[in-house]
Each structure stands twice: as C-alpha cells, then as structure tokens.
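Participant: can't give you the sequence, but here's the structure:
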C-alpha cells in the first residue's frame with residue numbers, strides 16, 4: 001500500500017477532519033491546505049479547517065465583516081452610537097524590558113535609565129567609532145565628555161535622554177557582543193518613547209539634540225530594513241530643523257521667532273553643528289533643478305553643494321530620445337560640462353589606497369565619497385565607472401578593514417553590478433556554450449567575483465546591507 005493511501009486510511013483524532021468532509025460524512029485524511037477527498041471534487045476551495053477556537057476561515061471573515069459593518073454604521077449614525085466611554089491608551093508607554101533569555105526574570109542593568117557607569121565608556125566609544133556613518137553631526141569630543149558626565153540623565157550638562165539612549169543603542173549594535181545585542185530592542189523602544197516627548201522637557205540644547213536623536217533612530221531603522229519608521233523619524237527631524245530655522249543661519253533674512261536659536265553667544269563649533277543639523281538631512285530634498293543649473297553653468301554659491309548623483313539626476317531631465325539638432329548640441333555641451341565637473345572632483349580626491357595617516361573613520365569617509373562620485377559617472381561612462389567601483393572594493397580589501405559602512409554603498413553597488421552583469425551576460429550570449437570565454441570576459445568575471453568576495457563580510461553589518469548584497473549575489477548567480 002502506498003504512503004498516500006496509508007495516510008488516507010489512518011484514523012484522525014476527533015475534530016481534525018475538514019469541515020467539508022464532516023458535513024458530507026466522508027473519511028478525511030487531514031491533509032492541508034486541501035485534503036485528498038476534497039481535492040477530487042470540483043470545488044476543492046471548500047476544504048477548510050477550524051482554528052483552535054473552533055472557527056473556520058469563513059466564520060472568521062464573517063466576524064471581521066460584521067465588526068467593520070458595525071463600525072461603519074456607528075460613523076454614519078452617530079446619534080445612535082452607544083453612550084459608553086471609549087478608553088484610549090498612551091502609544092509611547094514604556095513597557096517593562098524583557099529579561100535576558102535563560103535568566104530567572106530578575107531586573108537587570110538594562111532596566112535602569114542608563115547602563116552602569118563602567119559600561120558607558122565602551123558603548124559611547126563603539127558608537128563614536130562609526131558615528132559618521134549613521135548621521136551623527138555633533139562634535140564628537142564634546143558629546144563624549146557630556147555623555148560620560150557624572151550628573152544624572154536629564155541634567156542640562158548631559159545630552160537629552162533620547163539622544164543618549166540612541167547613542168547607547170548604536171553602541172550596543174557596534175559592540176557585536178551577544179550579551180549586549182540581546183537588549184537592542186529594549187533600548188530602541190526606550191529611545192522611541194523618549195524622543196516623542198524630548199521637545200517638551202527643559203534642556204538648553206533640546207532642539208538640536210532632538211534632531212540628532214531622530215536622525216540616529218532613522219539610520220537604525222533603515223539599517224534594520226524598517227523603512228517606513230526610518231522615513232518617519234527622518235522627516236520628523238527635518239521638520240524640527242525647518243521650524244527652528246536652521247536653514248537660515250547667516251541668512252540676510254533670519255526668522256523672527258525663536259530668538260534663543262539665534263543667540264550670538266555661540267562659538268563656531270555650535271554654529272557648525274546647527275548647519276550640519278540642517279543640511280545633513282535637508283539638502284537632498286531642498287535642492288531645485290534651477291539651482292543645479294546654476295551650478296552646471298559655473299556659478300555656484302558656497303552653500304550650494306551637490307552630490308554627483310544629484311547632478312546626474314538633474315542632467316537626465318535635459319535628455320530626450322527625440323532631440324533636434326540644436327537640442328542635441330545643447331545636450332552634448334552639458335554632457336561635457338558635467339563630465340568636466342565630475343572629473344575635477346575625482347582628481348581632487350585622494351585614492352583610498354593612498355590615504356596618509358589612515359584611520360578607519362577616514363578610510364570609510366573617503367571610500368564613500370569616491371563611491372558616490374563614481375555613481376555620478378555611472379550616468380555618463382557606464383561600464384568604466386562600474387568597473388572602478390568594484391575595483392576600489394578589492395583594492396583596499398574593504399570587507400577585512402571594517403565591519404560596518406554606510407548602507408548607501410549597497411545601493412551604489414547594486415547600480416554598478418547591474419551594469420557589469422548586463423555586460424557579462426551580453427558577452428556570454430555572443431558565444432556558444434562549447435566555446436571558451438575570451439580574455440575580456442574572463443577579466444570582467446574576475447573583477448566581479450573579487451569585488452563580491454570583498455563585499456560579502458559586510459553583509460553582517462546590518463539587515464539592509466545583507467539584503468542588498470543578497471540581491472547582487474542572486475542576480476550574479478542567474479547570469
């Protein structure tokens with residue numbers, strides 16, 4: 001007897017048969033999603049099982065529909081609604097932290113507002129080692145001194161609690177220690193709770209530090225692949241900066257409100273932090289095509305600094321598939337001008353493998369700058385720029401030099417890999433399977449594989465980078 005028949009004849013426990021077989025009083029084998037008897041009928045979709053509460057899918061759907069209809073009726077007929085009070089809950093209520101897995105449930109260090117004093121220096125230093133990669137714009141030395149102060153959390157000499165908790169959260173992430181990372185969600189929940197009320201608590205630097213806390217949380221959400229929450233935190237921080245008027249620092253028309261922000265008793269570092277707080281988050285959203293055109297025409301203002309990607313995106317708006325001779329000449333003129341700007345920028349940058357006084361943070365910053373520059377070149381000289389991006393990764397053995405880097409590189413690598421993979425696929429399509437690859441194809445494949453090998457260790461840095469590298473690897477395997 002076959003295995004299927006033996007399963008079919010085996011007796012089921014009471015209540016495990018599907019509803020359709022019960023109604024027809026037929027023997028059911030309990031197979032899911034459709035049992036064998038129902039699969040032989042003309043309506044196999046009628047096969048359904050009850051849940052633990054004895055309800056079928058149809059009954060659950062009917063209950064949901066009934067609740068929705070009742071709610072619609074209440075909204076359409078408010079006079080007939082029940083007079084019973086509706087109880088709301090506070091969405092940012094801090095829940096008790098979850099004890100460490102395997103513990104006896106006693107309260108640990110993570111239940112306190114801050115980690116123990118002996119843990120703080122290590123967490124802050126872990127965070128500051130990669131702070132530039134996650135949107136940190138405050139002065140690192142000043143922040144470290146304030147964060148490690150002996151005053152309690154919330155004291156004017158210390159950073160606001162939301163910023164401290166966000167910094168500890170990143171410090172926990174960068175520590176790579178399982179004993180600490182097990183509590184990352186505790187600190188994330190706490191930081192989200194604290195930042196929601198940060199502006200309502202008195203602190204001399206509450207505005208700029210709230211913006212910084214929002215940016216750090218946005219970076220963390222993005223790194224974890226939680227894009228909606230990341231966009232919300234980023235837009236909140238940007239909105240606070242707009243209301244505070246940080247984009248008008250040294251403007252001829254400063255805002256009339258919030259005179260405290262425009263106090264003349266601030267030093268250059270504090271003023272620089274305010275500028276960074278503004279343009280660090282706002283620049284990609286506030287630059288207009290007219291401003292880009294001014295820059296392309298050689299008349300930039302000091303505050304109008306652009307990334308090559310933005311320049312190329314704007315330049316693409318001038319391109320068309322059906323251009324007149326005059327439009328074509330204008331396009332090639334602009335193409336040459338943009339190419340010259342990017343070439344000048346590239347020549348002004350020190351190659352990553354020639355950086356003197358190299359530190360991990362300097363190397364990461366320079367590497368990201370080079371990669372973004374060549375992302376601009378991708379719009380002009382497609383294959384050459386893509387090859388350079390992959391070769392840079394291999395030339396400095398990036399994966400062995402750092403375990404975290406700005407996830408924007410994942411996006412750039414996806415762009416470059418698509419160009420290389422398309423070129424490699426075209427080469428393979430031009431020869432038969434029995435024909436050995438030409439030297440040019442072998443060289444391209446070697447560049448791709450060497451780059452992927454050096455990128456792969458960074459998949460452990462965060463969920464977003466792991467997803468991006470997985471997408472690249474899958475695309476390469478499909479060629």
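Facilitator: Received it, and whenever you're ready, just let me know what you need. The structure presented is a predicted model; accordingly, all values stated were derived computationally and were not measured. Numbers count the residues shown, from 1 in each chain.
Participant: next, the buried residues of the helix or strand hosting residue 445.
Facilitator: Per DSSP states H and E, residue 445 falls inside helix 439-455. Of the residues in helix 439-455, those with enough neighbours to count as buried (16 or more other Cβ atoms under 10 Å) are 441, 444, 445, 447, 448, 450, 451, 452, 454, 455. C-beta: built from backbone N, CA, C; applies to glycine.
Participant: find the nearest non-adjacent residue to the third one, please.
Facilitator: Distances taken as Cβ to Cβ, 6 or more residues apart in numbering place residue 424 nearest to residue 445, at 6.4 Å, with adjacent residues excluded.
Participant: tell me the buried residues in the helix or strand harbouring the one you found?
Facilitator: Element membership of residue 424, judged by DSSP H and E, is helix 408-429. For helix 408-429, the neighbour count (16+ other Cβ under 10 Å) marks 408-410, 412-413, 415-417, 419-421, 423-424, 427 as buried.
Participant: run through the stretch 301-450 of the chain and note the low-pLDDT ranges.
Facilitator: Applying pLDDT under 70 to the stretch 301-450 of the chain flags the ranges 301-324, 327-329, 331-332, 379-381.
Participant: 90 - rerun?
Facilitator: Within the stretch 301-450 of the chain, the stretches with pLDDT under 90 are 301-386, 388, 392, 395-412, 415, 426, 428-438.
Participant: work out for me the element the spatially most central residue of the chain sits within.
Facilitator: Ranked by distance to the mean C-alpha position of the chain (Cα atoms, centre = their mean), the top residue is residue 222 at 1.9 Å. Element membership for residue 222 (DSSP H and E) is helix 206-223.
Participant: ok, now residue 473?
Facilitator: Assigned by DSSP H and E, residue 473 falls in helix 463-477.
Participant: same check, this time on residue 157
Facilitator: Using DSSP H and E, no helix or strand contains residue 157.
Participant: mind listing the helices for the stretch 251-400 of the chain?
Facilitator: 268-286, 289-296, 308-316, 325-348, 360-377, 382-395, 398-401 (DSSP state H, counting those that start in this stretch).
Participant: again but with the stretch 51-200 of the chain, I slipped
Facilitator: With DSSP H, counting those that start in this stretch as the criterion, the stretch 51-200 of the chain has helices spanning 57-76, 120-129, 140-147, 161-175, 178-181, 184-195.
Participant: mean neighbour count, the ones you listed: which tops it?
Facilitator: Per residue and on average, the most neighbours among those fall to helix 161-175, with a mean of 26 (mean count of other Cβ atoms under 10 Å).
Participant: quick one, that helix and helix 140-147 angle?
Facilitator: Inter-element angle recorded for helix 161-175 and helix 140-147: 110 degrees (by axes from the mean of the first three to the mean of the last three Cα atoms, to 10 degrees).
Participant: tell me the mean pLDDT for helix 161-175?
Facilitator: In this model, helix 161-175 has a mean pLDDT of 94.
Participant: helices or strands next to it in the packing?
Facilitator: helix 120-129, helix 140-147, helix 178-181, helix 184-195, helix 206-223 (3 or more Cβ pairs under 8 Å, 6 or more residues apart in numbering; DSSP states H and E).
Participant: adding mean pLDDT and distance to residue 364, write these out as a markdown table.
Facilitator: What follows is the helices and strands packed on helix 161-175, written out as a markdown table (pLDDT from 0 to 100; distance: least, Cβ to Cβ, whole Å):
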| stretch | mean pLDDT | distance to residue 364 |
| --- | --- | --- |
| helix 120-129 | 93 | 10 |
| helix 140-147 | 94 | 14 |
| helix 178-181 | 86 | 21 |
| helix 184-195 | 92 | 22 |
| helix 206-223 | 92 | 14 |
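Participant: I'd like to know how far residue 450 sits from residue 444.
Facilitator: Relative to residue 444, residue 450 is positioned 11 Å away (criterion: Cβ to Cβ, to the nearest Å).
Participant: scratch that, residue 183 is what I was asking about
Facilitator: For residue 183, the distance to residue 444 - Cβ to Cβ - is 46 Å.
Participant: my guess is residue 127 meets residue 175, correct?
Facilitator: No. Under the criterion of Cβ atoms under 8 Å, residue 127 is not in contact with residue 175, lying 9.3 Å apart.
Participant: so how far is stretch 424-443 from its chain's centroid?
Facilitator: 37 Å (Cα atoms, centre = their mean, to the nearest Å).
Participant: span of that stretch from start to end?
Facilitator: Stretch 424-443 stretches 10 Å from its first residue to its last (Cα to Cα, to the nearest Å).
Participant: who touches it?
Facilitator: Stretch 424-443 has contacts (Cβ atoms under 8 Å, 6 or more residues apart in numbering) with 444, 445, 448, 479.
Participant: re the thing from before, so can I have JSON lines of the helices of the stretch 51-200 of the chain showing distance to residue 431?
Facilitator: Formatted as JSON lines, the helices of the stretch 51-200 of the chain follow (distance: least, Cβ to Cβ, whole Å):
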{"stretch": "helix 57-76", "distance to residue 431": "54"}
{"stretch": "helix 120-129", "distance to residue 431": "48"}
{"stretch": "helix 140-147", "distance to residue 431": "55"}
{"stretch": "helix 161-175", "distance to residue 431": "47"}
{"stretch": "helix 178-181", "distance to residue 431": "49"}
{"stretch": "helix 184-195", "distance to residue 431": "50"}
